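Participant: Dropping a prediction and its sequence here:
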Amino acid sequence: MLSFVQEGLPVRVVFGAGRRRQLRDEVQRLGIERALLITTPSKRAMAEAMAAQLEGRAAGVFDRVATHVPIEVAKAGRAEALRLGADGCIALGGGSAIGLAKAIALEQDVAIIALPTTYSGSEMTAIQGLTEDGVKRTWRDPRMLPRTVIYDPELTVTLPPSIAGPSGMNAMAHCVEAFYAEGATPLLSLAAEEGIRALARSLPVLVERPSSLEASTQTLYGAWLAGMALGAGIALHHKLCHTLGGSFDLPHAPTHAVMLPYSAHYNRDAVPDAMARIARALGAMDPSGSDAPSGLFDLARRIGGPASLEELGLRHADLDRAAELAVAAPYPNPRPVTREDVRALLEDAFFGRRPAAPAAA
Ligand code: NAD
């Protein structure tokens, strides 16, 4: 029986090649007087050039972004925002830069403008992960929602295929879990389905022709939908990736790319309707018995990148602890999460085995 709560998030989305040049207007629109630009060292020059165009509305550039937002980095960012009297944060970068802006907004009254340079989808959510004492915890708070997102594919087209492919699979993971996360709604499922379609079509082209602005545009379109779909919440897949990233220091997007076929396989028989829609959007429904998990496996192989947890540097001896941590405080999931089943999933992912096909009807 249909039953859901749909909340529209008030994010202004500005999408298109060259749209970053609209930044000054967007800053003005929000009434920001002292913007702190947050970025990585490699994009410092670009951030400084953007700051120069803000005609006195930029307070400074902070480039100490680190992946998974360690609490020390969050504290340093907050101190800098306070010192400069910032009333806005402009995040230029991937999920890590956007995550730091959110960490600042959680404690200080700053409006966020995000200019994503990866396909992480973080810019469309009020969710934030912070890492403290080797454990990554996730918060949801409306103060962290960016007020404006400027999607400019000229910013993502510079991504090397080794980052673009896994980052696109990170977006894909948001779409897949949106179908069966606790907050799933008909509208978010539509966004997720269209996101899967856009990503499945564009990612193979993008890794073959990384300088294709059209492929970068289509992937960014998929990433926007994925970020919106992420509003439905997350399930076992994200829990596993947060555990592997936060406690074993595995890289965020490549871990998503490796794990997604296995977590989808774990839930396959619990949510058959969702899996059929995912398979259809992937173009992975064929008479040979291809289904959503194997479609995701084939796509991940096609875009290259690491194929197993072993390749990502996890030790086999870590699997027991990873399974324990992943089931300690599980996210809601359609199939019950048990230590034994999760351990078996991790074993398959460790060796990069093809998920078993469904039994013939
Ligand atoms: P990232 O921001 O750490 O960037 C990955 C790498 O790509 C970095 O080395 C960066 O310098 C490089 N890079 C970024 N843009 C580039 C470009 N245009 N050209 C060349 N190199 C570029 O990685 P990410 O995967 O975008 O984000 C990961 C973080 O975001 C994690 O902490 C994750 O938890 C968080 N995240 C949060 C949400 C959410 O909703 N809260 C969603 C997704 C990810």
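Facilitator: All right, it came through fine.
Participant: How much space separates residue 297 from residue 27?
Facilitator: 43 Å (C-beta to C-beta, to the nearest Å). For glycine as for every other residue, the C-beta is placed from the backbone atoms N, C-alpha and C.
Participant: Could you list the residues of the stretch 101-250 of the chain in contact with the ligand?
Facilitator: Neighbours of the ligand within the stretch 101-250 of the chain, by C-beta under 6 Å from any ligand atom: 117-118, 120-122, 125, 127-129, 155-156, 158-159, 163, 167, 170, 230.
Participant: buried subset of these?
Facilitator: 117-118, 120-122, 125, 127-129, 155-156, 159, 163, 167, 170, 230 (16 or more other C-beta atoms under 10 Å).
Participant: Would you mind checking which helix or strand in this structure has the lowest mean pLDDT?
Facilitator: Lowest by mean pLDDT, DSSP states H and E among the helices and strands of the chain is strand 135-140, with a mean of 80.
Participant: Give the next helix or strand downstream of it.
Facilitator: strand 148-151 (DSSP states H and E).
Participant: On the C-terminal side of that following strand, identify the next helix or strand.
Facilitator: Strand 148-151 is succeeded, C-terminally, by helix 153-156 (DSSP H and E).
Participant: coming back round to it: contact partners of the least confident helix or strand of the chain?
Facilitator: If you take C-beta atoms under 8 Å, 6 or more residues apart in numbering as the criterion, strand 135-140 is touched by 68, 106, 126-131, 242-243, 245-247.
Participant: OK, contacts around the residue nearest the centre of the chain?
Facilitator: When C-alpha atoms, centre = their mean is applied to the chain, the residue found nearest the centroid is residue 120 (3.1 Å). Each residue near residue 120 by C-beta under 8 Å, 6+ apart is listed here: 94, 95, 98, 167, 170, 171, 223, 227, 252, 253.
Participant: residues contacting the fourth one?
Facilitator: I take that to be residue 167. With contact taken as C-beta under 8 Å, 6+ apart, residue 167 is in contact with 94, 118, 119, 120, 159, 223, 253.
Participant: Check the secondary structure at residue 358 for me.
Facilitator: coil (DSSP: H, G, I helix; E, B strand; the rest coil).
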